[in-house]
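pasting the sequence and the predicted model now:
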Amino acid sequence: MTPELTALTLAALLQILQFVAYSVTAQMQVGTGKALSPRDTPVQLTGKAGRLQRAMNNHFEGLILFGIAVMVITYSGQNNDTTAMASGLYLLARVLYVPAYVFGWVPWRSLIWAVGFLATVYLLIAALI
């Protein structure tokens, strides 16, 4: 497996961990009854549960673009040491983004997000060159 595909796989596993953390904290906040309900009325999560939910949703958005970038780099055979480094940088940024969001690291959260985003943009541009 290429380093880029490994980073993508680990990023997907990170998404699963984020989902579990969000689900556990959300259920603790709203209770089992509300968690098992059809939730016809939206639930507004606050505090750590709300931040974990927003961080998870942000990763879903980033993971789509990163997945596309990794697939294009991999299937075009344009992976190299630099694309491997960019993929690792994306993964590291996404790992750091979770505590940065949950604990409100300002302005670090935004800077960490930008590193992951720029790593993805780099991969997409590298695929076109």
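Alright, I've got the coordinates.

contacts, neighbours, all on C-alpha from now
Will do.

contact partners of stretch 26-34?
With contact meaning C-alpha atoms under 8 Å, 6 or more residues apart in numbering, stretch 26-34 is reached by Ala35, Leu45, Ala49, Gly50.

and stretch 95-110, by the same measure?
Residues outside stretch 95-110 that contact it (C-alpha under 8 Å, 6+ apart) are Leu14, Gln18, Lys48, Arg51, Leu52, Ala55, Ile112, Trp113.

list the buried residues for the helix or strand hosting Leu111?
Assigned by DSSP states H and E, Leu111 belongs to helix 108-128. By 16 or more other C-alpha atoms under 10 Å, the buried positions in helix 108-128 come out as 109, 112-113, 115-117, 119-124, 126-127.

would you format those as a markdown table with pLDDT included?
Conversion of the buried residues of helix 108-128 to a markdown table gives the following (pLDDT from 0 to 100):
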| residue | pLDDT |
| --- | --- |
| Arg109 | 96 |
| Ile112 | 98 |
| Trp113 | 98 |
| Val115 | 98 |
| Gly116 | 98 |
| Phe117 | 98 |
| Ala119 | 98 |
| Thr120 | 98 |
| Val121 | 98 |
| Tyr122 | 98 |
| Leu123 | 98 |
| Leu124 | 97 |
| Ala126 | 96 |
| Ala127 | 95 |
